[in-house]
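In: This is a predicted model, with the sequence first.
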Amino acid sequence: MTLRRATRDDVAIACYRANGFTRLGAEEERAWNQGQRRAWVWMVLASSTR
């Protein structure tokens, strides 16, 4: 499972981390943000595949 959050949504990001999500690496996140209207924090559930 993959999700995106606003870069300033620290509370939600911390909540997702506490529940097993990890942030994508910088290069991969840049690629996923290509064509987006703004930059997002992209996270993936550790036990899932992308």
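Out: Good, I have the coordinates. Numbers count the residues shown, from 1 in each chain.

In: going forward, measure contacts between C-alpha atoms and count neighbours the same way
Out: Noted.

In: Need the pLDDT of the nearest residue to Thr2 once chain neighbours are set aside.
Out: Computed as Cα to Cα, 6 or more residues apart in numbering, the closest residue to Thr2 that is not its neighbour in sequence is Val44, at 4.4 Å. According to the per-residue confidence, Val44 scores 97 in pLDDT.

In: Show me what the helix or strand hosting Val44 packs onto, helices and strands only.
Out: The secondary structure element spanning Val44 is strand 40-45 (assigned by DSSP states H and E). If you count contacts as 3 or more Cα pairs under 8 Å, 6 or more residues apart in numbering; DSSP states H and E, strand 40-45 packs onto strand 2-6, strand 21-23, helix 26-33.

In: quick one: contacts of the first one?
Out: It refers to strand 2-6. Applying Cα atoms under 8 Å, 6 or more residues apart in numbering, the external contacts of strand 2-6 come out as Ala12, Ile13, Ala39, Trp40, Val41, Trp42, Met43, Val44, Leu45, Arg50.

In: 7 Å - rerun?
Out: By Cα atoms under 7 Å, 6 or more residues apart in numbering, the residues outside strand 2-6 that reach it are Trp40, Val41, Trp42, Met43, Val44, Leu45, Arg50.

In: Paired strands for it, with orientation please.
Out: strand 40-45 (antiparallel) (DSSP bridges).

In: The shortest one too?
Out: In the sheet containing strand 21-23, its partner strands are strand 40-45 (antiparallel), by DSSP bridges.

In: hang on, the earlier thing: deepest in the core, which of the helices and strands packed on strand 40-45 is it.
Out: strand 21-23 (a mean of 19; mean count of other Cα atoms under 10 Å).

In: Please pick the buried ones from the contacts of strand 2-6.
Out: With neighbours counted using 16 or more other Cα atoms under 10 Å, the contacts of strand 2-6 contain these buried positions: Trp40, Val41, Trp42, Met43, Val44, Leu45.

In: thinking the fourth one is in contact with Arg23, fair?
Out: Yes - applying Cα atoms under 7 Å as the test, Met43 and Arg23 come out as touching, 4.3 Å apart.

In: if we can go back for a sec, turn the buried ones among the contacts of strand 2-6 into CSV, columns for distance to Arg17.
Out: What follows is the buried ones among the contacts of strand 2-6, written out as CSV (distance: Cα to Cα, whole Å):
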residue, distance to Arg17
Trp40, 16
Val41, 12
Trp42, 12
Met43, 9
Val44, 10
Leu45, 9
